[in-house]
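In: A predicted structure for the sequence below; I have some questions about it.
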Amino acid sequence: MRPFAVVLVKECLDGVRDRRAVLSALIFPVLAPFLVYFLIHTMIELRSQDKDMLVAVQGADNAPHLMAWMAEKGVEFSVATGDPKTLVSNQSEELVLVIPDNFAARIAEAKTSYVELVSDSSRNDSRITVARVRSLVRGYNSELASLRLIVRGVSPEVMSVISIVDSEVASQQEIATSVLSFIPIYIVLAAFISGMGIAVDSTAGERERKTFEALLINPVSRLQIVLGKWVAATLFAVLGMSLTLVLCMLVMSYVQIEELGLRFHVSALQVIAMLLATLPLAFLATSMQMLVGIFAKSFKDAQSYIGFLVLLPMLPGLYTMFNPIKTETWMYAVPMLGQHLLLTDVMGGVAVPVVGYFLSPMAVLLLCFVFSAITARLFKRESIIFS
């Protein structure tokens, strides 16, 4: 094990001295918590804007009761002057509510009246406001309809045939984890980014500097050299992933997530369990990066080759975000998917079967050793060393 230890220490020292490697290991863990804070803060602001809403109206005097009813719901009004479609299209207004002159007369005659909601569906920033105004108008319509039935001696319950009673089985922690599903993606992504600098430099960098020959003439097995480089890169990946996890959880303790109607709390034991769940990904990421990096002739080429690898850990998170799946025991043995399921389950406070903690790392580490063995065999090729 002495040659392995020598290579490990040498690569770690070189990595610490290399600003590029240190930056790649630390810049994402530092930026990720800011991104988490920014996203949650934006969600809170959108919710607060939903509470205090300003709506541009034309013909407000034609429906005083509707205006008063909406004002009780927290809506403020402004007078829209000019063509409503022009005001919305040039983004002078988010939307314009147009009330016709015959609105009150048709309501008094118990006839159907109409209001025009002018909006631009291509604007993401106005969708919440448009949806709420539409919901308020429908609520006012339901209330008037009930009053019309009462006046005619008919119970409003005649119009309510079926009523839904919600029964939630998910805990508050699970609901919050579902909303904050981008956090596990950041943590997994950190494992693939933080160790990339060392993994690339120890393969493509060595090849570019023409130092492979001097290294491989030593009477040491290729596998020991590869393992030393691999573990050194993995240490940087583990450092970056751990920082990302801890800082993201620290940020979550400071943001007012209760403003979103969510409750989220992670204990120190859960943080440790989350770290253990994602730890194998650091080994997998660096072993894959070294295998791909050995084919590159320069550091710059390797970065372009390895770029697509960063997308791999995001796929399970994105897939489960839009297409939730029922967790089966065999899924823990699927690299990257198993780690994502473990991470989200622990973060959501869901009980994870003990076998999951064994299947997940065993499958990943087995794949890591396969990648390392292939890389060691490639080290024996003259085309890799001298090209």
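Out: Received it, and whenever you're ready, just let me know what you need.
In: in this structure, where is pLDDT below threshold?
Out: 1, 21, 46-52, 168-169, 260-261, 383-387 (pLDDT under 70).
In: residue nearest the centroid of it?
Out: With distances taken as C-alpha atoms, centre = their mean, residue 182 lies nearest the centre of the chain, 1.7 Å away.
In: and that residue, backbone torsions?
Out: Main-chain dihedrals, residue 182, degrees, to the nearest 10: phi -70, psi -20.
In: and the one 4 residues further on, by the same measure?
Out: Backbone torsions of residue 186, given as degrees, to the nearest 10, read phi -60, psi -40.
In: measure it to residue 223 for me?
Out: As defined by C-beta to C-beta, to the nearest Å, residue 186 lies at a distance of 34 Å from residue 223. No exception for glycine: its C-beta is placed from N, CA and C like everyone else's.
In: ok, residue 283 next?
Out: Distance, residue 283 to residue 223, by C-beta to C-beta: 15 Å.
In: the two: who's more crowded?
Out: residue 283 (25 against 17; other C-beta atoms under 10 Å).
In: in a helix, the more buried one, correct?
Out: Yes. Counting by DSSP: H, G, I helix; E, B strand; the rest coil, residue 283 is found in a helix.
In: secondary structure class for the residue lying closest to it once chain neighbours are set aside?
Out: Nearest non-adjacent residue to residue 283, counting by C-beta to C-beta, 6 or more residues apart in numbering: residue 368, 4.8 Å away. When classified by three-state DSSP, residue 368 comes out as helix.
In: do residue 96 as well
Out: strand.
In: how much space between it and residue 338?
Out: Using C-beta to C-beta, one gets 52 Å for the distance from residue 96 to residue 338.
In: count the residues that sit near residue 300.
Out: Neighbours around residue 300, by other C-beta under 10 Å: 12.
In: which SSE is it in?
Out: Taking DSSP states H and E as the criterion, residue 300 maps to helix 299-306.
In: so which bits of that helix are buried?
Out: 299, 301, 302, 303, 305, 306 (16 or more other C-beta atoms under 10 Å).
In: and which of those is nearest to residue 229?
Out: residue 302 (13.6 Å; C-beta to C-beta).
In: isn't the closest one up against residue 204?
Out: Yes. At 3.5 Å, residue 302 and residue 204 qualify as touching, with contact defined as C-beta atoms under 8 Å.
In: ranges for the strands of the chain?
Out: 53-58, 75-79, 95-98, 116-119 (DSSP state E).
In: can you check which of the ones you listed gets nearest to residue 266?
Out: With C-beta to C-beta as the criterion, residue 266 lies closest to strand 53-58 of those, at 33.7 Å.
In: residues in contact with the closest one?
Out: The contact list for strand 53-58, computed with C-beta atoms under 8 Å, 6 or more residues apart in numbering, reads 67, 70, 74-80, 84, 87, 93-99, 129, 132-133.
In: ok, now which ones touch the closest residue to residue 250 other than its chain neighbours?
Out: In this structure, residue 250 finds its nearest non-sequential neighbour in residue 33, 7.1 Å apart by C-beta to C-beta, 6+ apart. Residue 33 is in contact with 244, 247, 248, 250, 251, counting by C-beta under 8 Å, 6+ apart.
In: burial measure for the third one, as a count.
Out: Per other C-beta under 10 Å, the neighbour tally for residue 248 reads 25.
In: and what of the second one?
Out: Applying the criterion other C-beta under 10 Å, we find 20 residues in the vicinity of residue 247.
In: and the spatially closest residue to it that is not a sequence neighbour, how far is that from residue 123?
Out: In this structure, residue 247 finds its nearest non-sequential neighbour in residue 33, 4.1 Å apart by C-beta to C-beta, 6+ apart. Distance from residue 33 to residue 123, counting by C-beta to C-beta: 30 Å.
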